[in-house]
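Trainee: Build me a structure from this.
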Amino acid sequence: MQVRTFDTLKESVYEETLPNGLVVQLVPRPGYAKTYAVFTTRYGSVDNHFQREGGPVHQVPDGIAHFLEHKLFEEEWGDIFHTFSSQGASANAFTSHDRTAYLFSATDQVETNLETLLDFVQRPHLTPENVEKEKGIIEQEIRMYDDMAYWRAHRHLLENLFHANPVRIDIAGTVDSIRRIDRDTLMTCYETFYHPSNMRLCVVGDLDPERVMALVRENQARKVFPPARPIARLLAAEPPEPARASHVVHLSVSRPMILLGWKDRQPTPPEDHLRRRLLMGLLQDVIFGRSSALFQDLLDRGAIDDMLAYDYDLGEGFGYSYLGTETDDPAAFQEAVIAAVEAFRRDGLPADEFERAGHKQIGDYLYTLNSPEAVANQVTEVAFQHGDYFAIPELLTTLTREEAEALLREHFDPAQCVTSIVLPNGEAPTAEG
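Mentor: Just a heads-up that it's a prediction; the model follows:
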């Protein structure tokens, strides 16, 4: 077991790669009441076309990663949630574009709950009958999200941005794609992506690293896995330009909503993902953050109600940023944002604002260290992107204003910008719609 110590952060990370390929990371937090564990696989909604070394090519229905997440909680004797509850733990799971995570938090019986987590994820109980039953449940979930304004706006934004990359498809799939899922296809995906060599375990809390690592070693040694086989993720070629400029939908909302999105022209090499994410975070804070001139101007004019959401998502074959809010005048909001972005592209980033954004990023990072949940999730997410979560503060100090300005000019090209608008039922579309 390797121990890495970060003196500035006062953190130690205990790491080991087990014989079956599972990477385990333990972060002791003496005195913390709650322990949090996440067991995650590098498998998400975009992984719908793949091939294992020496095997056939598979193209599977959209939404199958999310479907499989649902099914793993079902055991032959019942629901695994009841087991966690009886052991004093709160369990959950989520599926994103590029990973699926299973997790629990507990204040006691941590080792028992950790065994439960490892065992149920590595013990699928799939039958034709329980797979068929799940379809109705997920169809209801899909239809429920269809009525949510932000969800619809974001989904249509991705459809505007991307021609072929499966990031444009909802993580849960569609009613039609869900109906095409069967047990055999689920098992193919499970056997491909749930091999320990494609997974990571992170536990954060008041734990004894030697004892917990021994528990995980023994748990994995009791199980038999086939040899690991490399996975080829087959992505269709994605044109650099967006698929369409805008989309408008009418829903039962009281106020219009608008999302603006910018598409990366080219995929980013995996080894550069973390640096690009951090640079984009700095840019977005300078341009859109609560201390920005744009935010204050929009607030003063009543164009926003103290809320401006923005983020950047980057994965295999895709990258995009977005900005959104509720506003009475989506066209005026869009015009103000584009004008502000173009001013920064023309004039560059003020040195003091870039420095302030850097300090804010470090402050935000240090704040997340107080949360075992945030640490465990970020450790695994960043690792899957070939980065080190605990190296972020040092990496932030190496980011330069010049490379941020180069990214600003490249990424925020008006030709790469699209809009997704939600209007109240009966309201006429804006001119841009």
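Trainee: From now on I want contacts and neighbour counts done on CA atoms only, so please keep to that.
Mentor: Noted.
Trainee: Quick check: phi and psi at Gln385.
Mentor: Gln385 has phi and psi values of phi -100, psi 20 when expressed as degrees, to the nearest 10.
Trainee: OK, contacts around it?
Mentor: The contact partners of Gln385, taken as Cα atoms under 8 Å, 6 or more residues apart in numbering, are 270-271, 273-274.
Trainee: Before we move on, what's the pLDDT of it?
Mentor: Here the pLDDT value assigned to Gln385 is 86.
Trainee: Which helix or strand in this structure has the lowest average pLDDT?
Mentor: Lowest mean confidence among the helices and strands of the chain (mean pLDDT, DSSP states H and E): strand 78-79, at a mean of 82.
Trainee: So what's the gap between that strand and the chain middle?
Mentor: 28 Å (Cα atoms, centre = their mean, to the nearest Å).
Trainee: Pull up the pairing partners for that strand, direction included.
Mentor: Neighbouring strands of strand 78-79 in its sheet, by DSSP bridges, are strand 74-75 (antiparallel).
Trainee: leaving aside the residues next to it on the chain, what's closest to Gly205?
Mentor: By the measure of Cα to Cα, 6 or more residues apart in numbering, the closest residue to Gly205 outside its immediate chain neighbours is Thr35, 4.2 Å from it.
Trainee: what's the distance between the one you found and Leu215?
Mentor: To Leu215, Thr35 is 16 Å away according to Cα to Cα, to the nearest Å.
Trainee: Counting neighbours, go ahead and name the busier of those two.
Mentor: Looking at Thr35 and Leu215 with other Cα atoms under 10 Å, you find the greater number of neighbours at Thr35, namely 23 against 16.
Trainee: Show me the shaky parts of this structure.
Mentor: Per-residue confidence for the chain (pLDDT under 70) gives these ranges: 428-433.
Trainee: Geometric centre of it: which residue is closest?
Mentor: Ser96 (4.9 Å; Cα atoms, centre = their mean).
Trainee: Return the residues in contact with it.
Mentor: For Ser96, the contacting residues are 44-45, 171, by Cα under 8 Å, 6+ apart.
Trainee: Would you list the phi and psi of the residue nearest to Gly205?
Mentor: The phi and psi values for Thr35, taken as degrees, to the nearest 10, are phi -110, psi 140.
Trainee: what bridges to it?
Mentor: Applying DSSP bridges to Thr35, the residues it is bridged with are Ala106.
Trainee: does Ile362 sit in a helix or strand, and which one?
Mentor: Mapping Ile362 onto the secondary structure by DSSP states H and E places it in helix 351-368.
Trainee: sorry, back to before: and which of the contacts of Ser96 is nearest Asp206?
Mentor: Of all the contacts of Ser96, Gly44 has the smallest distance to Asp206: 30.5 Å, by Cα to Cα.
Trainee: ok, so what distance separates the closest one from Arg345?
Mentor: The span separating Gly44 from Arg345 equals 34 Å under the rule Cα to Cα.
Trainee: next one: Tyr389
Mentor: 30 Å.
Trainee: one step back: looking at Gly44 and Arg345, which is more packed in?
Mentor: When Gly44 is set against Arg345 and neighbours are counted by other Cα under 10 Å, the residue ahead is Gly44, at 23 against 18.
Trainee: Now for the more buried one: which residues touch it?
Mentor: With contact taken as Cα under 8 Å, 6+ apart, Gly44 is in contact with 65-66, 95-100.
Trainee: switch to 10 Å and redo it
Mentor: Residues counted as contacts of Gly44 (Cα atoms under 10 Å, 6 or more residues apart in numbering) are 63-66, 69, 94-101, 167, 171, 193.
Trainee: Tell me which of the residues you listed fall in strands.
Mentor: When the contacts of Gly44 are checked against strands using DSSP state E, the ones located there are 94-95, 100-101.
Trainee: still on that earlier bit, next, format the contacts of Ser96 as TSV and append distance to Thr419.
Mentor: Supplementary listing: these in TSV, determined by distance: Cα to Cα, whole Å:
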residue	distance to Thr419
Gly44	25
Ser45	23
Ile171	20
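Trainee: sorry, back to before: would you format the ones in strands among the contacts of Gly44 as TSV with distance to Gly281 and neighbour count included?
Mentor: Supplementary listing: the ones in strands among the contacts of Gly44 in TSV, determined by distance: Cα to Cα, whole Å; neighbours: other Cα atoms under 10 Å:
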residue	distance to Gly281	neighbour count
Phe94	24	15
Thr95	23	23
Thr100	24	24
Ala101	24	25
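Trainee: any chance of these in JSON lines, with distance to Asn130 too?
Mentor: As requested, those are arranged in JSON lines below (distance: Cα to Cα, whole Å):
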{"residue": "Phe94", "distance to Asn130": "20"}
{"residue": "Thr95", "distance to Asn130": "20"}
{"residue": "Thr100", "distance to Asn130": "20"}
{"residue": "Ala101", "distance to Asn130": "21"}
